[in-house]
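Peer 1: Everything below, folded, please.
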Amino acid sequence: MQCMRIRDILRASIVTPTRIPRPTHISQSKDCQRAAWPKHKPSCKRHSEAFAYAQSKGLPHPAKSLQKYANLHMPVLSEAAARALNVAAEPARPASECLMLTLRPMPRPRLFFLADAQVWPFGLFEPAEARKMRAAWEEAHRQSIAQGGVGAVIVALRSQDTNGGPGVVHFAVFGFDESVKELRPMGSWQDWLKKQLNPEL
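Peer 2: Next up is the predicted model:
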């Protein structure tokens, strides 16, 4: 008997970066849910604390805000990920690395301020999370190739609060096509990304 069925690991935009994936959908039996609760409880608690903290500060739900932010800046994020991982020259890198964005919550309509952008190996995440990321990438990559694309990449968006509030991470998967090979080199992709997402700089 299969305890957990992953319907969509991460519903991703595959051929071109024009859509954003929906969250992972997982179905479990009641027995499996009870057995998994000890491991799931810390993560659930962090998200609940983050939501309560956001409400106390008059901020929107952090997870929903991250997803909205990813949708809003999708073309920029997909290009930044392709540049950061240099997928044109190193197409295998997205299989083990992602673009990690550290964001500070801002009042609407800005949502977030980009504080930092780095390339992170999957191994820096908790083992269970890293396995999900690899599975998500493999499925997105497979679908990309099947639909005429050339690959996929994961962008992790991490919300951090300067006042000590708990953080939340949202994962988005972007597919890309042959046009990624036409990206011209630039001095610093981090500087370019900050100018795109923080227009006041």
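
Peer 1: Low-confidence ranges, this protein, go.
Peer 2: Counting by pLDDT under 70, the chain contains low-confidence residues at 1-62, 108-109, 161-167, 201.

Peer 1: where along it do the strands fall?
Peer 2: For the chain, the strands defined by DSSP state E cover 4-8, 25-28, 97-105, 112-121, 151-159, 168-176.

Peer 1: So which elements touch the third one?
Peer 2: The criterion is 3 or more CB pairs under 8 Å, 6 or more residues apart in numbering; DSSP states H and E, and the helices and strands that strand 97-105 contacts are helix 62-72, helix 74-84, strand 112-121, strand 151-159. Just so you know, the C-beta spots here come from the backbone N, C-alpha and C atoms, and that holds for glycine as well.

Peer 1: residues making contact with that strand?
Peer 2: With CB atoms under 8 Å, 6 or more residues apart in numbering as the test, strand 97-105 has contacts from 54, 59, 62, 65-66, 69, 77, 80-81, 84-85, 111-122, 133, 153-162, 171.

Peer 1: which of those residues count as buried?
Peer 2: Using 16 or more other CB atoms under 10 Å as the burial test, these include 54, 59, 62, 65-66, 69, 77, 80-81, 84-85, 111-114, 117, 120, 122, 133, 153-161, 171 as buried.

Peer 1: before we move on, the earlier item: redo the strands of the chain as CSV? Include distance to Glu90.
Peer 2: As requested, the strands of the chain are arranged in CSV below (distance: least, CB to CB, whole Å):
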stretch, distance to Glu90
strand 4-8, 28
strand 25-28, 31
strand 97-105, 9
strand 112-121, 11
strand 151-159, 11
strand 168-176, 14
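
Peer 1: Between those, which one is closest to Met186.
Peer 2: strand 112-121 (13.8 Å; CB to CB).

Peer 1: Just to check, Ser96 is in contact with Leu124?
Peer 2: No - in this structure, Ser96 sits apart from Leu124 without contact. The criterion is CB atoms under 8 Å, and the distance is 10.8 Å.

Peer 1: shared neighbours of those two, which are they?
Peer 2: Taking CB under 8 Å, 6+ apart as the contact definition, Ser96 and Leu124 share no neighbouring residue.

Peer 1: Bridged to Glu97, which residues?
Peer 2: Legend: beta-bridge partners of Glu97 under DSSP bridges are Pro121.

Peer 1: can you tell me how far it sits from Met74?
Peer 2: Shown here: Glu97 relative to Met74, a distance of 20 Å by CB to CB, to the nearest Å.

Peer 1: Thank you, goodbye.
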